[in-house]
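> kindly return the folded structure for what I paste below:
(chains A and B)
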Amino acid sequence: MQNLIGIVFILFLLAVFLRIDFYFSIVYLLAAVYLLARVWTQASWRQLVVQRRLVNRAFPDETIPVELVVRNSGRLPIPWIEVQDSLPVELISPPFYREVITLGAKQERRFAYTLACYKRGYYVIGPLFMQTGDLLGVIRPLTMRQDPEYVIVYPRVLPLEKLGLPTHSPLAVLPAPAPLFEDPTRIMGVRPYQMGDSPRRIHWTATAKAGELLVKRYQPAIARETLICLDFAQESYAGRRFYDASELAIVAAASLANHIIIREGLAVGLATQAVDPLEDAATAFSLPPRRERAHLMSILEVLARAQIAPSPALPFPDFLRQETTRLSWGATVIAISGTESDPLYETLAYLRSAGFAVALILVMPPASSDDHRQATGKLPIYRLWREANLETLA
Amino acid sequence: MNQKPLRVHEADDYLETKRQTASVSRARGVFPPLIVGLMVGCIALAITELLRRIAPDWNGTYFLLVPMVAAFAGHTTYRVTRERYRSGSDRLRLQIIELAVIFLVLKAASFLDNTLPEIWNDIRRWPEDILAFFDFETLTAFALACAAWFSAARTARDLEAVADPMLYKGETGPMERLNQRFLAGGLILLFISGLTRSEFATLLEADRSAIHGLALNVLVYFVLGLLVLGQVRLTWHNRLWEQQKYKVSGALHKAWLKYTLLFLVIALGIAFVLPTQYTVSLLDIVGYIASTIGYLALLIFSLIAAALQWLLSLFPTTAVETETLTETPPPSTFVAPPPTVANPIPWLALARSILFWIVALGAAGYIVHSYLKDRPELLRAFKAFKVTQIAQRWWRALRTWWRDMRRTLRATLPTLSLNFLRRKERRQETRAIRRKHEALREQMFDVYLETLERAREEGFPRRDAQTPFEYHHTLDPHLPEAHTELTALTDAFVEARYSVHPVNEDDVARLQANARQVRAALAKLHTTQESKENELERLNV
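Take a look at the predicted model:
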């Protein structure tokens, strides 16, 4: 019916030339068909409102119910609408939702489907495509595209016992809550003088004002903060169980962050080089240490999004050195990697000598001899490779 | 427990789908041949009407029914042969046999209005004269039946191809073929119907009258055709949706039919409401509008000329000129000639024709515009023409002119009205001020005249011929202590009386103060005179 216009035009000329009334009637009928089809479709299409309702955060093994609401807010009915929602295959199968509906005036249709979140990741829901047209195929179909939305499935968070990692400070991985040293440059407050206090600690101004001897209280000098540095380069996880190892590293990082913030109430940060699906390129994530729960969610979001980086900008040891420059003296640095190497151990030794508490978590099978460990002295190293650990990822 | 309702739900869906499929296949078996038969009948009716004009003794009902039945048979036979016979030669054989049977049935049907002896006589002539068997009327009917049979069979084939393209692998465009067949049939129908209703001899004459009346069969053909095309479109969509694994809402099929009918009813309503007749052609209307505009322009010009003539007549003229003027015949007032319309057009007819042309041209313009908008490549090609570019340039220039004009008017009109208002305000203000000044001036006159009256009472009357300054010189020697005030009073009066300088309240106040001083001096002069008179009287006594 695309050539209807030509026919109408020729008929109109014929009608004018021959002056036959019913020719005009037919011209009007066909012209009305064309105009009505056009006006009806366009006007009703403008009144279409689409909404996708979902919770875009989930933990593994949770389900996300999605509701699509398609509403015709106009007075003209829409004879047919093709609704097609593209979905990630990791969350639902088949990876699309397709339905053809009809909507009357002021009518609304709701579609519901459920996304099953088994695997951490950053998933694109949509875009939603809709198409309509007239009943006779007179005009070209009209399409509408609604922007996609995103769902973040957080990585699995396990108790550290399950991962075989230490859970308290004497193991030198986590920071000690008790202050060992004090920094005289950072005054926390004052307290009454006690016998044995050094005269250097007396706060003379406050003493003069209060009329009694007051001494300064200093902040603890060792920072009670931790930075988790995750090596997410592809070459670090090469091997048969590449996928499992890289996922275990993510689980370890997430579990550590969760433990430090929730259990210990201390600040934790995250630094890693990974591919960000938002930018579709290798990105250096650097979240400075903080202790709020919201910060933990930010860390988990980054860990959910992170994808293995084929070629990160910096080698992991260099990245470690770069990221620790902003840390306070005495902070704890936990490096997680899928491989061990001399530059890595040298960097860790350097960091230790620079005043940081350093620990290394290696996501790899246990080695027959710990040559490197011997080389680096008393550097705490933990290996994650037990079958039980891997099964937790299933 | 959780799965039970699901199973029931799925079973309901399955049964509903089965029911719909069964009803759809039933409908597909009956309705398409019926509708195709009706559409062929619409064309057959037009042909019958035409044949009646050519050969009035032929049986019209016969020519009407034959194509309809043939179309129905063609549609049904095609489906049956395709389902039963795989081989193409078998199908061809069956089709030839069916056509032969149709011919025999036609021949038999041609005897329906004959008596048995007539039929017998005709049959006896067949061996001698073969043309008696293949008579022209039967051959014409057979030709029509064949055309209907073939077109119905092709339509059935295309309808099946739309529904199931796997039946005809490698073929494309059954939808387009159906559309083209529908439009071609419609054009043939329009042509035949137009030919039937018009006089052949006068068809190309420009001044012949319009052909009124509605051809119902034409309208029915187009409405049925559009309805069928709507359903074909649905079938085509269904096939695509099935391929792409779309879940189709159960209410869609009913809604499609409902909205198609609604759509066609609205379109028919529009077609019936819009005017189909016009008494004034487009060019006549354009000419009429142009002549009206010209007449209005002439009227305005003559009014201006008349006004100018009246203004010129106000100037005084010399006697010679008057005489000369009286000798020449008086200039005739320029009266605009009435619009020269050969045949006066009734206003109602003109309005109807204007409405008709506005609707027709508006619809045509919109259609062409939207058609070109949908096809940008065509629009680009169209814009590449020299004529189009020139027209576009003119159109742009016209739009620019109109935009500038509107802008200028928007800018000028408020300024003009503002200036007018300001001027009016100023005039009103001036008038008020003038009135006020006049009152003040009058007040000054009164004060001066009162002072003169007082001076007259004291024996210093002003003579009529005396100017204020002369009177001042008369009075001033008698009032030495009020010399300054008298001088100021006289000056103020002269200024108020003989100049156009504005006068204000201060001037009046000053004048009154001076007048009071002068009057006081006069009163003092009076007292002094009285005391002198009394002293003189006492001395005299």
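
> need the per-residue pLDDT for A:Q307.
A:Q307 carries a pLDDT score of 92 in this model.

> and for A:R291, the neighbour number?
A:R291: 15 surrounding residues under other CB atoms under 10 Å in any protein chain shown. To be clear about C-beta, it is placed using only N, CA and C from the backbone, and glycine gets the same treatment.

> residues touching it, list them.
Listed by CB atoms under 8 Å, 6 or more residues apart in numbering or on different chains, the contact partners of A:R291 are A:I261, A:G265, A:L266, A:A267, A:V268.

> excluding its backbone neighbours, what's nearest it?
In space, and not counting its chain neighbours, A:R291 is closest to A:A267: 4.2 Å by CB to CB, 6 or more residues apart in numbering or on different chains.

> what about the longest helix in chain B?
If you go by DSSP state H, chain B has its longest helix at helix B:386-457.

> and the residue nearest the centre of chain B?
Nearest to the geometric centre of chain B sits B:I358, at 6.1 Å (CA atoms, centre = their mean).

> that one should be in a strand, yeah?
No: counting by DSSP: H, G, I helix; E, B strand; the rest coil, B:I358 is not part of a strand but helix.

> follow-up on the earlier one: which of the contacts of A:R291 are buried?
A:I261, A:L266, A:A267, A:V268 (16 or more other CB atoms under 10 Å in any protein chain shown).

> those in strands, which ones?
When the buried ones among the contacts of A:R291 are checked against strands (DSSP state E), the matches are A:A267, A:V268.

> out of the buried ones among the contacts of A:R291, which is nearest to chain B?
A:I261 (38.3 Å; CB to the nearest CB).

> the closest one reaches A:R293, doesn't it?
Yes: the criterion here is CB atoms under 8 Å, and A:I261 meets it with A:R293 at 6.6 Å.

> worst-scoring helix or strand of chain B, pLDDT-wise?
Least confident helix or strand, chain B: helix B:319-327 with a mean of 46, by mean pLDDT, DSSP states H and E.

> quick one on the thing from earlier: got a pLDDT number for the residue nearest to A:R291?
The per-residue pLDDT reported for A:A267 equals 88.

> repeat that for the one 4 residues further on.
A:A271 is assigned 96 on the pLDDT scale.

> again, but for the one 10 residues further on
Reading off the confidence values, A:A281 has pLDDT 85.

> tell me what it is bridged to.
Taking DSSP bridges as the rule, A:A281 bridges to A:D276.

> quick check: domain ranges of chain B?
For chain B, the structural domains run B:3-201+B:212-273, B:282-384, B:429-540, going by automatic domain parsing.

> on that earlier part again, how far off centre is the longest helix of chain B?
Chain-centre distance of helix B:386-457: 40 Å, with CA atoms, centre = their mean, to the nearest Å.

> what's the answer for stretch B:82-101, then?
Its chain's C-alpha centre and that of stretch B:82-101 lie 59 Å apart, by CA atoms, centre = their mean.

> what's the answer for stretch B:494-511, then?
On the basis of CA atoms, centre = their mean, stretch B:494-511 sits 68 Å off its chain's mean C-alpha point.

> if you count neighbours, what's buried in it?
B:E495, B:A496, B:V503, B:D507, B:V508, B:R510, B:L511.

> what of stretch B:132-140?
With burial defined by 16+ other CB under 10 Å, the residues of stretch B:132-140 counted as buried are B:E137, B:T138, B:T140.

> so which of those would you say is closest to chain A?
B:T140 (25.7 Å).

> quick one: contacts for that closest one?
B:T140 is in contact with B:L51, B:F63, counting by CB under 8 Å, 6+ apart.

> any idea which element it lies in?
Per DSSP states H and E: B:T140 is located in helix B:136-163.

> now swap in A:S286 and tell me
strand A:281-290.

> tell me what that strand is packed against?
Contacting strand A:281-290 under the criterion 3 or more CB pairs under 8 Å, 6 or more residues apart in numbering or on different chains; DSSP states H and E are the following elements: strand A:225-230, strand A:267-276, helix A:293-305.

> just the C-alphas of that strand, formatted as CSV.
C-alpha atoms of strand A:281-290 as CSV (Å, rounded to 0.1, in the frame of the first residue of the first chain):
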residue,chain,number,x,y,z
ALA,A,281,38.2,-0.2,28.8
ALA,A,282,40.8,-1.0,31.4
THR,A,283,40.4,1.4,34.3
ALA,A,284,42.2,1.9,37.5
PHE,A,285,39.8,1.8,40.4
SER,A,286,41.0,3.5,43.5
LEU,A,287,38.7,3.8,46.5
PRO,A,288,40.5,5.3,49.5
PRO,A,289,40.0,3.7,52.9
ARG,A,290,36.7,4.6,54.7
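
> how about it: buried residues?
By 16+ other CB under 10 Å, the buried positions in strand A:281-290 come out as A:A282, A:T283, A:A284, A:F285, A:S286, A:L287, A:P289, A:R290.

> can you pull the contacts of whichever residue of the stretch 201-350 of chain A sits closest to chain B?
Closest approach between the stretch 201-350 of chain A and chain B, counting by CB to the nearest CB: A:P277, at 27.3 Å. Residues near A:P277 by CB under 8 Å, 6+ apart: A:Y122, A:R305, A:Q307.

> pLDDT below threshold where in chain B?
Scanning chain B for pLDDT under 70 picks out the ranges B:1-30, B:86, B:167-172, B:199-213, B:277-283, B:316-346, B:371, B:374, B:529-541.

> so where do the strands sit in it?
Under DSSP E, chain B gives strands at B:247-248.

> center of chain A - which residue?
Using CA atoms, centre = their mean, the residue of chain A that lies closest to the mean C-alpha position is A:E301, 3.3 Å off.

> does that one touch A:I152 like I think?
Yes: A:E301 is within contact range of A:I152, at 5.7 Å (criterion: CB under 8 Å).

> tell me the contacts of B:P461?
Applying CB under 8 Å, 6+ apart, the residues contacting B:P461 are B:A455.

> and it, how far is that from chain A?
Shown here: B:P461 relative to chain A, a distance of 99 Å by CB to the nearest CB, to the nearest Å.

> look up phi and psi at that residue.
Phi and psi for B:P461, reported as degrees, to the nearest 10, are phi -70, psi 150.
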